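Enquirer: no sequence for this one, just the structure:
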C-alpha cells in the first residue's frame, strides 16, 4: 500500500480513536500526574492559563498526529508493512508516551520483527505515568491492544 493510501486508510481511524481516549478540554488543566494539559492531551509548552477554541483543538490534534506519525515512521524499518489496526494502535501509543519512548519500546521492536501478536500484548507494559499505575492507562492499553489485534489474529 502506498504511503498516501496508508495515511487515508488510518487517518480518520487515528483521529477518532486517539481523540476519544484523550478527550477534549479547551481550558488547560493538570492531568493525573500534575502536568499542564489542554485540548486532546497536548502537554508540550502548555501553561495552566492556556485556552483554545474547539476548532483550534482539532487543528492541534491533526498537526500533532502528523508530527508523531512522522517520528514513529522514522524509527520503524517498514511501517507500510504494518496492518492498519496495529499501525493506528502504535500511533496512539506514540502520541501518548512520546516519539522517543515509542522508538525505544518493545512494541516498536516487535512490530519491526513482524511479531504482531507479541507487539499487541506488549501494549500492556505502558500503564504507568509519574511512576504510578493509572487505571485510565490500563483501559487505554487494553483498547489499543484490541485494535492492534483486529484483523491480525
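Expert: Received the coordinates, thanks. Computed from a predicted structure; not experimentally measured.

Enquirer: Look at the residue of the chain positioned farthest from its centre and report its pLDDT.
Expert: Centroid-distance maximum for the chain: residue 49 at 25.2 Å, with CA atoms, centre = their mean. Residue 49 is assigned a predicted lDDT (pLDDT) of 98.

Enquirer: Can you tell me how far it is from residue 38?
Expert: The gap separating residue 49 from residue 38 is 10 Å, by CB to CB, to the nearest Å. All C-beta spots, glycine's among them, are computed from the backbone N, C-alpha and C.

Enquirer: any common contacting residues for the two?
Expert: The contact sets of residue 49 and residue 38 overlap at residue 28 (CB atoms under 8 Å, 6 or more residues apart in numbering).

Enquirer: Contacts only, for residue 61.
Expert: Counting by CB under 8 Å, 6+ apart, residue 61 touches 15, 18-19, 22, 39-40, 42.

Enquirer: Which member of those residues is positioned nearest residue 146?
Expert: residue 18 (14.6 Å; CB to CB).
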